[in-house]
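[1] Any chance you can model this:
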Amino acid sequence: MKLNTLGIAHTFLEQHITPGSFCIDATAGRGRDTAFLCRLVGEQGKVLAFDIQQEAVEATRTRLKEEELDAIGEVVLDSHIHMDQYAQPGTVDAVVFNFGYLPGGDHRIFTRPETSIPAVEQGLSLLREGGVLCACVYHGGDTGYEERDALMDYFATIDSKVYTVLVCDFRNRPGDPPIAVLIWKRT
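    Residues are numbered from 1 along each chain as shown. The predicted structure follows:
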C-alpha cells in the first residue's frame, strides 16, 4: 500500500469490492478511479461515473475505452447530486468521491459543500448493508478550506448506529495533504 491518501483509499476499496459489484464514482475527473473500480468489479459488475464537466466525461470515456473497460463503466454528464436518479437505495456496493477540482482543469470549478454534503447523504442511502463510501478531500490552495470544514463537521454527525466513519489525515506532512474518509454501512 502506498502511504498516501489515494493508497489508503484504494486499499480500502480493494478489501470491500468484489467481482460483480455495483459501484459509483461520484466525481469521475480524469477517470482513474472509474477505471480502478471497473477492474475491481470485473465483467459481471457495473460502474456509474458522474461529472459536471464535459472535459472530465470525455477524459473518463477515453480512458475506459483505451483500457477496454467501457463495457463495464458508464460515464454520465450530470452532478453527483443526482445519483439517486440512476440507482435505487440499498443497491450500491461502493461510492467514491474526490472532492476538489479536476486535475489539470479550470481551478475556478470545484466541488462545494452545498452539493457535496447532499451527494454524500445520497451515496450513503444508496449503499447496501455492508457497502462502503470512500471520500478523498482535497483542500487548500485555490479551493480553500470551506468544503473541508463543512464535510468534516458533517461526517461527525453521521448516525453511528448505521455507519462507521474513519477519517485518515496526515498530521506531519507539509502543506495541505488530502484527507481520506472511509465509511462502512453496518450489516
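[2] where does this structure dip in pLDDT?
    For the chain, the stretches with pLDDT under 70 are 102.
[3] Just the endpoints, please. Distance across stretch 31-49?
    8 Å (CA to CA, to the nearest Å).
[4] Extract the C-alpha trace of the longest strand belonging to the chain and format it as PDB.
    Criterion DSSP state E: the longest strand present in the chain is strand 127-137. The C-alpha trace of strand 127-137 is given here as PDB (Å, rounded to 0.1, in the frame of the first residue of the first chain):
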ATOM      1  CA  LEU A 127     -25.400   1.700  -0.200                       C
ATOM      2  CA  ARG A 128     -26.500  -1.800   0.500                       C
ATOM      3  CA  GLU A 129     -25.800  -3.200   4.000                       C
ATOM      4  CA  GLY A 130     -22.000  -3.800   4.200                       C
ATOM      5  CA  GLY A 131     -21.400  -1.300   1.500                       C
ATOM      6  CA  VAL A 132     -18.700   1.400   1.700                       C
ATOM      7  CA  LEU A 133     -18.200   5.000   0.800                       C
ATOM      8  CA  CYS A 134     -14.700   6.500   0.300                       C
ATOM      9  CA  ALA A 135     -14.100  10.200   0.100                       C
ATOM     10  CA  CYS A 136     -10.800  11.900  -0.600                       C
ATOM     11  CA  VAL A 137     -11.000  15.500   0.400                       C
END
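[5] after that strand comes which helix or strand?
    helix 146-155 (DSSP states H and E).
[6] Quick one: work out the angle between that following helix and strand 127-137.
    Put simply, helix 146-155 runs at 150 degrees to strand 127-137, going by axes from the mean of the first three to the mean of the last three CA atoms, to 10 degrees.
[7] looking at it, Leu77 is touching Gln54, isn't it?
    Yes - look at Leu77 against Gln54 with CB atoms under 8 Å: they come within range, at 6.2 Å. Any C-beta I mention is one placed from the backbone N, CA and C, and that applies to glycine too.
[8] ok, those two, which is more surrounded?
    More crowded of Leu77 and Gln54, by other CB atoms under 10 Å: Leu77, with 13 against 9.
[9] so what's Glu67 closest to, chain neighbours aside?
    With sequence-adjacent residues excluded and distances taken as CB to CB, 6 or more residues apart in numbering, Glu67 is closest to Ala35, at 5.4 Å.
[10] helices and strands around the one helix or strand that neighbour maps to, which ones?
    Element membership for Ala35 (DSSP H and E) is helix 32-41. Judged by 3 or more CB pairs under 8 Å, 6 or more residues apart in numbering; DSSP states H and E, the packing partners of helix 32-41 are helix 5-16, strand 22-25, strand 46-51, helix 54-66, strand 73-77, strand 92-99.
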